[in-house]
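Undergrad: What follows is a protein structure lacking sequence information:
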């Protein structure tokens, strides 16, 4: 699949190209290419490339699971935090200001500290936090992009004004019809939908960074009793418990639970506040219509994007792999509802 998907992508590459000329660096690409030719002096190398705007540290973690190691990430602005995450994941970068890092086949480029003043800085977040429920509703049920606004509002909650603004913005960005395929694991997912999914998950992961998490507990129950009691709760589960209840091969060790009545859940699971605990209680951001009920069990499964993000938020290679398995698995689960 071509990495240049919009006129904006092409313009971003051209800005980077212009900024790099004084350094003797040349970028070459074809309209339908999935790689960039990087040249300096008599050396050149071809790198798989991906355009990712508004990149943030948590977004790099997400991106690294989808692109080959050694890829060139083309973005509008690379901060120090983003640069460090790219380095940790074995990814090269170039931005609109001409900052670039590449070491491949004799091509060694390390340009830092340049600032692009040719255009206004792009916002780091595609949507405000008030917009999250609307975006989540659309990611869970993509047909909502063509539904009446009041239908979307009933599913997502929030105000009609916020719903109208978000849906209008989505449609203006090319999300005016449901995608085919419907799996966000599928590489053929249309780029605007993929970008929306990545933006939502990135924002979610940023909110879950250490030091920002609230509602974290430990239980006085042993692990077996905790799992058994949780499976009888009238709650919504995500992360590892959701993956387990959906049939994936895992025994939950970290518990993401969404409830309206925190007090009764704290009592049922015999919880105590603990910033290093493995149980996270939060109110849901969505309506029950976006959840997946389970036969003969009390808990319901959180929307697929939430389960995926909660698995990534654990920050363990085991659950990183499980998150990808979940994306492959969840369309079957969705269609069985």
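TA: That came in fine, so what should we check first? Quick caveat: nothing in here was measured; it's all calculated off a predicted structure. Numbering: from 1, shown residues only.

Undergrad: Quickly find the element holding residue 327.
TA: helix 317-335 (DSSP states H and E).

Undergrad: tell me the mean pLDDT over that helix?
TA: Averaging pLDDT along helix 317-335 yields 78.

Undergrad: For that helix, give me every contacting residue.
TA: The contact list for helix 317-335 (C-beta atoms under 8 Å, 6 or more residues apart in numbering) reads 65, 181-185, 239-240, 243, 246-248, 250, 254, 292, 301, 304, 307-308, 311-312. (C-beta placed from N, C-alpha, C; glycine too.)

Undergrad: Mind doing that once more with 6 Å?
TA: Contacts made with helix 317-335 from outside it, assessed by C-beta atoms under 6 Å, 6 or more residues apart in numbering, are listed as 182-185, 243, 246, 304, 307-308, 311-312.

Undergrad: Any of those buried? List them.
TA: The neighbour-count test (16 or more other C-beta atoms under 10 Å) marks 182-185, 243, 246, 304, 307-308, 311-312 as buried among those.

Undergrad: which of those sit farthest apart?
TA: 182 and 312 (20.4 Å; C-beta to C-beta).

Undergrad: Mind pulling the model confidence for the residue lying closest to residue 190 once chain neighbours are set aside?
TA: For residue 190, ignoring the flanking residues on the chain, the nearest one in space by C-beta to C-beta, 6 or more residues apart in numbering is residue 179 at 5.0 Å. pLDDT for residue 179: 86.

Undergrad: tell me the contacts of residue 179?
TA: With C-beta under 6 Å, 6+ apart, residue 179 has these contacts: 142, 190, 193.

Undergrad: Can I get those in JSON lines including pLDDT, neighbour count and distance to residue 93?
TA: Formatted as JSON lines, the contacts of residue 179 follow (pLDDT from 0 to 100; neighbours: other C-beta atoms under 10 Å; distance: C-beta to C-beta, whole Å):
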{"residue": "142", "pLDDT": "92", "neighbour count": "17", "distance to residue 93": "31"}
{"residue": "190", "pLDDT": "86", "neighbour count": "16", "distance to residue 93": "25"}
{"residue": "193", "pLDDT": "89", "neighbour count": "24", "distance to residue 93": "24"}
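
Undergrad: Just give me the closest of these to residue 44.
TA: residue 190 (32.2 Å).

Undergrad: roughly how far apart are the closest residue to residue 215 other than its chain neighbours and residue 264?
TA: Once flanking residues are discounted, residue 215 sits nearest to residue 281: 4.5 Å by C-beta to C-beta, 6+ apart. Distance from residue 281 to residue 264, counting by C-beta to C-beta, to the nearest Å: 11 Å.

Undergrad: The two: who's more crowded?
TA: When neighbours are counted by other C-beta atoms under 10 Å, residue 281 and residue 264 differ, and residue 281 comes out ahead with 20 against 13.

Undergrad: Look at that one and tell me its secondary structure.
TA: strand (DSSP: H, G, I helix; E, B strand; the rest coil).
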